[in-house]
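S.K.: Return atomic coordinates for the entry below.
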Amino acid sequence: MPRGLLRSRSDDDSEVSNLELFFDLVYVFAITQIAAFVREHLSLPGVIEGALLFMAVWWAWMFTAWATNWANPDTVRVRLMMIVTMLASLVLAAVLPRAFDGHTAALVFVAMYCTIQIGRTLFLRWIMATERPSGARNMMRIAIWFTASVPLWLAGAMADSPAWHIALWAGALVIEYAGPFAFFRVPGLGRSTSEDWDISGSHLAERASQFVLIAMGEGIVVTGAAFAGAVPTQASTGAFLASFVGSVLMWWIYFDIGAERGAEHISHSDDVGRIARNAYTYLHIPIVASVVAGAVADALLMASPGVTASPALIIAGGGGLVGFLLGLALFKRFSSARGNLPLSHLVGQLLLAPVIVVACFGHWSATMFAALCDGALFVVALWEWGSYHGGWLERFDRWGVPFPIKPKPAE
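M.R.: The predicted structure is shown next:
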């Protein structure tokens, strides 16, 4: 086996490559497709279907991010693997809006998804066989877990009942999402160990941050495109500004402290694999999903800025922000030596709650509702910025809300 197919663990070799950024372009399209799907299916079944599609897309992207943490993208074989994965991901994203409309599109979606997950994992097993035998065994365990979900994916794609379609695909995702928690235990092959998750924490942290940017970009594109095609009025201009300010505040709250501190924490931790699994693989799901919900809300706002806020806008906009702050609070808890939930984020959720309730029973315009949500985010951003950049750090740490299970301190 030629050497060099795996990255070394030096900082220079752990930088995000241009190929990885190029790969992400496909997932920009995938996020756009998911947001459009949810906008066109504003019902409970439609939202559930959109959530399942998002979970599949996130899982395909995240496991590829783990893969490129180990595989060297400067080698031809790894590049070819990434390009093939990119092609399959593009086809998956293209058929995504029709994945619940008929057997053909559903089967194509399943074929592409399973090819990505199983094929990439077996490729990693192959390149690790000589240099990292324990890693190769781990990839074999992961491939078996992905294979175990294939019958449910296929049965769901062939189901005539929409309810069975949803249930079977949900079952497939439950199996796959349970894998890391079960340490991919397989009879005869054992289970994963910390040695198997020897990764570059800074690389995975940067990749997760880049996916958050991908999701945030959808809101910017939707807002800009809608404003460009609208007749400039006071209502449309107000909606445009409210959407833009909301995107900026979400970016600020995530990147001003959370992303950098999280990367620093995982880089110096003696249990990188556990933090990568909990803080990035799982806890980034509500963060990214909420940002996508925000993009849906931006589209609804720009479509009807002067009318009363609709239930869909209230749920996507207000509910999405509550999920965003909750997910981000849990994520930041993992990057704190004290293991406390940031009080500013909990206060932000408390401020959003009455806004959501009153909007449901009142007659606020969509723009007014969005502006009030922005106000709650502004309180969070200002509070946190003042705590960490204004010299109130010790006081803020004392105010933090203790969490029952504290993260293991960094070395």
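
S.K.: you'd agree residue 261 is in a helix?
M.R.: Yes - counting by DSSP: H, G, I helix; E, B strand; the rest coil, residue 261 is part of a helix.

S.K.: in the stretch 301-411 of the chain, which spans are helices?
M.R.: 311-313, 320-334, 343-361, 366-389, 393-399 (DSSP state H, counting those that start in this stretch).

S.K.: now the angle from the helix or strand containing residue 211 to helix 320-334?
M.R.: Element membership of residue 211 [criterion: DSSP states H and E] is helix 201-228. With axes from the mean of the first three to the mean of the last three C-alpha atoms, to 10 degrees as the basis, helix 201-228 and helix 320-334 are set at 160 degrees to each other.

S.K.: buried residues in helix 201-228?
M.R.: In terms of neighbour count (16 or more other C-beta atoms under 10 Å), helix 201-228 has its buried residues at 201-223, 226-227. (Each C-beta comes from the backbone N, C-alpha and C, glycine too.)

S.K.: Quick one: work out the angle between the next helix or strand after it and helix 320-334.
M.R.: Counting by DSSP H and E, the element after helix 201-228 in chain order, helix or strand, is helix 234-253. On the basis of the same axes, to 10 degrees, helix 234-253 is oriented at 10 degrees to helix 320-334.

S.K.: Would you pull up how far helix 234-253 lies from the middle of the chain?
M.R.: Offset of helix 234-253 from its chain centre (C-alpha atoms, centre = their mean, to the nearest Å): 22 Å.

S.K.: Now for residue 161, how many residues are close by?
M.R.: Residue 161 has 9 neighbours, counted by other C-beta atoms under 10 Å.

S.K.: ah, wrong one, I meant residue 269
M.R.: 21.

S.K.: picking that back up, helices or strands up against the helix holding residue 211?
M.R.: Counting by 3 or more C-beta pairs under 8 Å, 6 or more residues apart in numbering; DSSP states H and E, the packing neighbours recorded for helix 201-228 are helix 18-40, helix 44-70, helix 234-253, helix 260-267, helix 284-303.

S.K.: Can you say which of the ones you listed is packed in most?
M.R.: helix 284-303 (a mean of 24; mean count of other C-beta atoms under 10 Å).

S.K.: Identify the residues contacting residue 100.
M.R.: Applying C-beta atoms under 8 Å, 6 or more residues apart in numbering, one finds that residue 100 lies in contact with 49, 106, 162, 165-166.

S.K.: if we go to 6 Å?
M.R.: Contacts here follow C-beta atoms under 6 Å, 6 or more residues apart in numbering; on that basis residue 100 touches residue 49.

S.K.: Then residue 72?
M.R.: Counting by C-beta under 6 Å, 6+ apart, residue 72 makes contact with 5-7, 78.

S.K.: ok, now with 8 Å
M.R.: 4-7, 13, 78.

S.K.: Also residue 207?
M.R.: Counting by C-beta under 8 Å, 6+ apart, residue 207 makes contact with 16, 20, 65, 68-69.

S.K.: let's see 6 Å
M.R.: Counting by C-beta under 6 Å, 6+ apart, residue 207 touches residue 65.

S.K.: ditto for residue 85
M.R.: 116, 120.
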